[in-house]
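Visitor: Structure for the following, please:
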Amino acid sequence: MNPAVSYPRNAGTPVPPLPYSPAVRVGNLVFVSGQASVDAAGEIVTDTFEGEFRRTMENLRTVLAAAGCDFSHVVQCRSYVRDPANLARYNELYREYFRPPFPARTTLTNCLPADLKFELECVAVAPM
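Guide: Below you'll find the model as predicted:
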């Protein structure tokens with residue numbers, strides 16, 4: 001194992017049932033795997049779009065914190081929105097968590113399984 005690579009995790013980090021790490025830190029770069037509306041055991045929690053979005057963002061907050069980061073350290077987001085009809089609401093909610101200057105962002109639609117309405121992955125730069 002490369003000593004320059006770490007896999008930050010704390011007690012609140014959702015445990016994925018699939019073979020991936022929630023976050024990988026290389027130097028001060030933190031790569032966060034797609035976060036979704038899941039509980040601590042990694043089980044999907046279905047809700048309204050807003051409910052799933054907020055649960056996803058709280059999971060992201062937990063994963064970032066384990067790596068010594070918060071939303072202000074995020075430099076890039078890749079977002080997945082199942083229904084394009086939710087894009088306007090997505091942009092409103094997004095502004096509650098990210099402030100100008102906003103991270104670079106890509107948003108894809110019509111790309112999630114039926115049991116998920118939203119997912120987000122990101123890259124952050126941890127403080128030195």
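Visitor: so how far is Phe49 from Glu96?
Guide: 14 Å (C-beta to C-beta, to the nearest Å). Just so you know, the C-beta spots here come from the backbone N, C-alpha and C atoms, and that holds for glycine as well.
Visitor: Looking at the two, which has the bigger crowd around it?
Guide: Phe49 (18 against 11; other C-beta atoms under 10 Å).
Visitor: Surely that one and Phe118 touch.
Guide: Yes. Taking contacts as C-beta atoms under 8 Å, Phe49 lies within contact range of Phe118: 6.6 Å.
Visitor: how about low-confidence regions in the chain?
Guide: 1 (pLDDT under 70).
Visitor: what about the helices in it?
Guide: 49-66, 87-97 (DSSP state H).
Visitor: report the angle between the axes of the last one and helix 49-66?
Guide: Using axes from the mean of the first three to the mean of the last three C-alpha atoms, to 10 degrees, the inter-axis angle of helix 87-97 relative to helix 49-66 is 30 degrees.
Visitor: Okay, buried residues for helix 87-97 please.
Guide: Tyr90, Leu93, Tyr94, Tyr97 (16 or more other C-beta atoms under 10 Å).
Visitor: Looking at the residues you listed, which one is closest to Ala23?
Guide: The shortest approach to Ala23 among the buried residues of helix 87-97 belongs to Tyr97, at 17.1 Å (C-beta to C-beta).
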